[in-house]
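Colleague: using only what follows, build the 3D model:
(chains A and B)
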Amino acid sequence: MEIVVCVKPVPEAETRLRVASDGTTFDPEGVKFVLAGYDESAVEQALLLKEATPGSRVHVVSAGPSPRTEEVLRASIALGCDQATFVELPASSSTDPVTIARALASAIAKAPHDLVLCGKQAGDDEAGLVAAALGELLGVPDFGYVVDLRWDPASSHLKFQRSSEAGQEIWEAPLPCVIGLQQAWNDPRTAKLPMILKSRKAPIAKVAPGGAPSPPPASRPERFELPPPRLGAKLIEFKTPQEAAEKLVKILREEAKVFP
Amino acid sequence: MTSGALVVGEVHDGHLSSASREAIGVARGVLAPSDPVVGFVAGAAGPTAAAEFAQLGVGRVLHAADPRLDAAPVGAVAHAVATAARAAGVSLVVAGGTTFGRDLVARLAVRWDAAVATGVIELTRDGGTLRARRSVFGGRASETRRLEGERAAVAVRPHAFPAPADGPVPLALEPVPTDDLPAVLVAPLRREIRPPDGGTGPSLTDAAIIVSGGRGVRGPNEFRIVEELAASLGAAVGASRAVTDAGWRPTSFQVGQTGKAVSPQLYIALGISGAIQHLVGMVSSRVIVAINTDATAPIFKVADYGIVGDLFEIVPALTAEVRRVRGL
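Modeller: Alright, predicted model coming up:
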């Protein structure tokens, strides 16, 4: 099975966000970028499928600006991916998820791909658009919010669950298709030192966004805002648990109005 | 961008979902009074949902009746939505920002050549320019994006907008052809839907109220105290990573960076200290209440209301008080 996994560099979770000087996005200066959490699950799933399915290969693809994009590709190789492709995009068009999807699709379409795995969203823009846009661009079905994915060789179908508002949906799908994975349910592995050292010298194919020149970003960031700092909780004073309960319910009904 | 909007009706439990109802109000908010709002429904539940559209003042509803759409992946439905949007001549599609709606607008970005935004918490129009504000970085920041071009498709965050009031109009149901639906998009099969793990309560990502428990709940049996409060409120049950890592509850309960991101109207955190890992998944909730013995716990920095005390004393009293005021 030819497995493609798409990854994205995002600021690490503990990053102290600042607004960039032009006010349209966050300031990347001094920010440490890491493999997005949901994408770690996608890489793990790709490696699990490869290990369970003889003759499989994992091709990791990322589209974005240098050097952070190459760094997450190297991190993916260190985890066990076989091949890496870097689609270079300027930072300005890397804020538009559909532009990213088009760049990824141009690289994926040129290579063998039975199954395309992505995180269901990235922890920075939280758009969650790439998997489904890839499905449309590649002309195949897509499924988001997926957990518990496995390949059934007898039926040549993927079997998986996806979490939706209705509950856990149980699906069977032929290949090819695109899967957006829920985060962390598969306990992603960490890279071992020899693999990290090896990944530093691994070749990364660098390609320009292919096909027709990409259309300009159809959505453009204009303003990035940090919320006013939360003032901290208003603490409820009480002498008995009953008093605490009565005061809280009164506040929730009359002041916060979140309660019928 | 003034030629009307198509609102995609999603059906939950046989009825038009609350997220779809909210989407009607969002569409109206950016249209001129003379611009039409048109509904879209699919599959066997379509006619019932269409009648509910009409109850909310949306009389013209396009129906893709193709039975293949009842258990098809979102790509097949998106195909029909793009057909309907062209037939209706609209320049805007609005969907609820559910697991379905987000994938739907991503598909429309390509299939219908639209600018898209998901998780929208504010949609405005200034002349011909649409702007969408959305929460990013787990609610730690927001961004406003300009949606350029002739067409836009947005998925609006559930619970972020009020549902429109009733204003019944006559229903005119129109068929949407699906003869050109590619076979590949309907090849996958949905075998079944199992209700959420939490039993009969709402699912985490859809709930207006969430009650979550953390390490301070002490164990799997004690966790029932969290579930009893949730049941009294009609709330979904969540958990911190400490709880799911310890196996007290399944990972599907987990709220946080490595679990589900939620933004209910009310989030009640019981015995949760407030590690950044958890906070990024719930900090955009409208009102946050924390109950914890440790007054210095970081959760009190993001909470709106706090009770410093023993949750094993406070929570049963709170459950009893909620049941009392709700007449349960």
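Colleague: which residues in the chain form helices?
Modeller: In the absence of a named chain, chain A is used. Secondary structure of chain A (DSSP state H): helices at A:37-52, A:68-79, A:97-109, A:130-138, A:193-201, A:241-250.
Colleague: think we crossed wires, I meant chain B
Modeller: Using DSSP H, helices in chain B cover B:18-30, B:46-55, B:74-88, B:99-111, B:183-186, B:224-233, B:241-245, B:276-282, B:299-302, B:311-325.
Colleague: tell me the most buried of these?
Modeller: Per residue and on average, the most neighbours among the helices of chain B fall to helix B:99-111, with a mean of 28 (mean count of other C-beta atoms under 10 Å in any protein chain shown). Every C-beta, even on glycine, is put in place using the N, C-alpha and C of the backbone.
Colleague: between helix A:130-138 and that helix, find me the angle.
Modeller: 40 degrees (axes from the mean of the first three to the mean of the last three C-alpha atoms, to 10 degrees).
Colleague: show me what helix B:99-111 is packed against.
Modeller: helix A:97-109, helix A:130-138, strand A:142-152, strand A:157-164, helix B:74-88, strand B:92-96, strand B:115-126, strand B:152-156 (3 or more C-beta pairs under 8 Å, 6 or more residues apart in numbering or on different chains; DSSP states H and E).
Colleague: which other helices and strands does the third one contact?
Modeller: Strand A:142-152 sits against helix A:37-52, helix A:130-138, strand A:157-164, strand A:167-173, strand A:177-181, helix B:74-88, helix B:99-111, with contacts defined as 3+ C-beta pairs under 8 Å, 6+ apart.
Colleague: with mean pLDDT added, can I get those in TSV?
Modeller: TSV is the format used below for the helices and strands packed on strand A:142-152 (pLDDT from 0 to 100):
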stretch	mean pLDDT
helix A:37-52	93
helix A:130-138	96
strand A:157-164	92
strand A:167-173	92
strand A:177-181	95
helix B:74-88	97
helix B:99-111	95
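Colleague: tabulate those (CSV), appending distance to A:Val72.
Modeller: As requested, these are exported to CSV (distance: least, C-beta to C-beta, whole Å):
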stretch, distance to A:Val72
helix A:37-52, 8
helix A:130-138, 14
strand A:157-164, 25
strand A:167-173, 27
strand A:177-181, 16
helix B:74-88, 27
helix B:99-111, 22
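Colleague: phi, psi of the nearest residue in space to B:Thr48 that is not next to it in sequence?
Modeller: Among residues not flanking B:Thr48 along the chain, B:Gly14 sits closest, at 6.2 Å (C-beta to C-beta, 6 or more residues apart in numbering or on different chains). B:Gly14 adopts backbone torsions of phi 80, psi 0, taken as degrees, to the nearest 10.
Colleague: re earlier: pick the most deeply packed of the helices of chain A.
Modeller: Of all the helices of chain A, as judged by average neighbours under mean count of other C-beta under 10 Å, the leader is helix A:130-138 with a mean of 28.
Colleague: what residues does stretch B:161-170 touch?
Modeller: With C-beta atoms under 8 Å, 6 or more residues apart in numbering or on different chains as the test, stretch B:161-170 has contacts from B:18, B:21-26, B:28, B:54-59.
Colleague: an error on my part: the question was meant for stretch A:193-206.
Modeller: Residues outside stretch A:193-206 that contact it (C-beta under 8 Å, 6+ apart) are A:70, A:73-75, A:77-80, A:83-86, A:88, A:191.
Colleague: now render those as TSV, adding distance to chain B and pLDDT.
Modeller: Shown next, in TSV, are the contacts of stretch A:193-206 (distance: C-beta to the nearest C-beta, whole Å; pLDDT from 0 to 100):
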residue	distance to chain B	pLDDT
A:Glu70	23	95
A:Leu73	22	97
A:Arg74	23	97
A:Ala75	17	96
A:Ile77	23	97
A:Ala78	20	97
A:Leu79	17	97
A:Gly80	21	96
A:Gln83	26	97
A:Ala84	25	97
A:Thr85	21	97
A:Phe86	23	97
A:Glu88	22	93
A:Ala191	18	92
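Colleague: picking that back up, so which of the helices and strands packed on helix B:99-111 comes closest to B:Val237?
Modeller: B:Val237 sits nearest to strand A:157-164 of all those, at 14.6 Å, using C-beta to C-beta.
Colleague: partner strands of the closest one, parallel or antiparallel?
Modeller: Applying DSSP bridges to the sheet, strand A:157-164 is found paired with strand A:142-152 (antiparallel), strand A:167-173 (antiparallel).
Colleague: pull out the buried residues from that strand.
Modeller: Buried residues in strand A:157-164, defined by neighbour count with 16 or more other C-beta atoms under 10 Å in any protein chain shown: A:His157, A:Leu158, A:Phe160, A:Gln161, A:Arg162, A:Ser163, A:Ser164.
Colleague: ok, residues contacting it?
Modeller: A:115, A:143-152, A:168-175, A:177, A:179, A:182, B:98-100, B:193, B:203, B:205, B:252, B:260.
Colleague: now do 6 Å
Modeller: Strand A:157-164 is contacted from outside by A:143, A:145-152, A:168-174, B:99, using C-beta atoms under 6 Å, 6 or more residues apart in numbering or on different chains.
Colleague: so where's chain A uncertain?
Modeller: Along chain A, segments meeting pLDDT under 70 span A:183-185, A:210-217, A:260.
Colleague: same deal with the stretch 1-150 of chain B?
Modeller: Residues of the stretch 1-150 of chain B that meet the cut-off, pLDDT under 70, sit at B:1-2.
Colleague: enumerate the residues of it near chain A.
Modeller: B:73, B:75, B:98-99, B:102-103, B:106-107, B:109-111, B:115, B:118, B:136, B:140-149 (C-beta under 6 Å from any C-beta of the partner chain).
Colleague: ok, for B:Phe312, nearest residue in space, not its chain neighbours?
Modeller: Among residues not flanking B:Phe312 along the chain, B:Ile225 sits closest, at 6.8 Å (C-beta to C-beta, 6+ apart).
Colleague: I figured the one you found hits B:Val315, correct?
Modeller: Yes. Here B:Ile225 reaches B:Val315: they are 5.1 Å apart, a contact under C-beta atoms under 6 Å.
Colleague: what's the burial count for the closest residue in space to B:Ala239 that isn't next to it in sequence?
Modeller: Once flanking residues are discounted, B:Ala239 sits nearest to B:Phe253: 4.1 Å by C-beta to C-beta, 6+ apart. Burial measure for B:Phe253: 24 neighbouring residues, criterion other C-beta atoms under 10 Å in any protein chain shown.
Colleague: give me the domain ranges for the chain.
Modeller: Chain wasn't specified; assuming chain A. A:2-207, A:227-260 (automatic domain parsing).
Colleague: ah, no, chain B please
Modeller: Split by automatic domain parsing, chain B gives B:5-186, B:204-325.
Colleague: what does the stretch 151-260 of chain A put close to chain B?
Modeller: A:164-174, A:183-185, A:218-226, A:230, A:232-236, A:241-242, A:244-246, A:249, A:256, A:258.
Colleague: filter those down to the buried ones, PyMOL style.
Modeller: To isolate in PyMOL the members of those that are buried, counting by 16+ other C-beta under 10 Å, one can use:
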select buried, chain A and resi 164+165+166+167+168+169+170+171+173+174+183+184+185+218+219+220+221+222+223+224+233+236+241+242+244+245+246+249+256+258
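Colleague: tell me the contacts of the residue in the stretch 1-150 of chain A that chain B sits nearest to?
Modeller: When scored by C-beta to the nearest C-beta, the stretch 1-150 of chain A has A:Ala132 as its residue closest to chain B, at 3.5 Å. Residues in contact with A:Ala132 (C-beta under 6 Å, 6+ apart) are A:Asp142, B:Asp103, B:Ala106, B:Arg107.
Colleague: which one of those sits closest to B:Ala246?
Modeller: Using C-beta to C-beta, the contacts of A:Ala132 come closest to B:Ala246 at B:Asp103, 33.0 Å.
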